[in-house]
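sequence and predicted structure are below.
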Amino acid sequence: IWVACNGDDRVRVVGADGALLASLPTGYGSAPIGIAAAPGGATVYVTLAGRGELARFDAVSRQRTGTLALGPHPRAIAVSGDGSRVLVTRFLSPRDHAEVWRVNAATLTLSDTLRLPKLGGDVNFDTTAAGRGVPNDLAGIAISPDGRTAWVAAQKAN
């Protein structure tokens, strides 16, 4: 079990019996927060919220095999079923849209940034029953089994 220790700037690996197997320092102020394993479990991805990075680890050797600078507040991670893509949410959104980074898993490079627009459907102005708003606090993400869509857990304030 891989555990992000946000305030301790490390990831701990714990066995099924609860025994500590490894303590992996991620660097001062890195604030690890999200963890996801690739299919098969050979690779583990960790978001470093304090540094705005995505780190990749070999699950067997527990060595860091790469780091990608993304931008502010990376949080939730999802890995596609074929292991080729990693989606990372930007927890705190810019003013006019939310962001999800799409990463090429093989090269650990940024493929593109997906923008989630203000929500509100056909609403062009705010009412007491509906309102526009930017998705924010993107705390979770899941990729559909067919890999064609992803669902993001967020709040919408306006």
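Cool, the structure landed. Please read these numbers as outputs of a predicted model, since none were measured by experiment.

residue 145: neighbour count?
Around residue 145 sit 8 other residues, with neighbours defined as other Cβ atoms under 10 Å. All C-beta spots, glycine's among them, are computed from the backbone N, C-alpha and C.

distance of it from residue 113?
Here the distance between residue 145 and residue 113 works out to 24 Å (Cβ to Cβ, to the nearest Å).

also residue 92?
Residue 92 sits 15 Å away from residue 113 when distances are taken as Cβ to Cβ.

list the strands paired with the longest strand belonging to the chain, with their directions.
Ordering each strand of the chain by length in residues (DSSP state E) puts strand 134-143 first. Strand 134-143 has its sheet partners listed here by DSSP bridges as strand 150-157 (antiparallel).

buried stuff in the partner strand?
Of the residues in strand 150-157, those buried under the neighbour-count criterion (16 or more other Cβ atoms under 10 Å) are 150, 152, 154.

surely the second one touches residue 98?
Meaning residue 152. Yes. Counting by Cβ atoms under 8 Å, residue 152 sits close enough to residue 98 to count as a contact (7.5 Å).

other residues contacting stretch 140-155?
For stretch 140-155, contacts defined as Cβ atoms under 8 Å, 6 or more residues apart in numbering pick out 76-82, 85, 87-89, 98, 100, 116, 135-139.

now with 10 Å?
Under the contact criterion Cβ atoms under 10 Å, 6 or more residues apart in numbering, stretch 140-155 has outside partners 34, 36, 75-82, 84-89, 91, 93, 98, 100, 102, 114, 116, 119, 133-139.

just the strands in this structure please.
Secondary structure of the chain (DSSP E): strands at 2-5, 10-14, 20-25, 32-37, 43-48, 53-58, 64-69, 74-79, 85-90, 98-104, 109-116, 134-143, 150-157.

for residue 127, find the nearest of the ones you listed.
When these are ranked by distance to residue 127, counting by Cβ to Cβ, first place goes to strand 150-157 at 14.6 Å.
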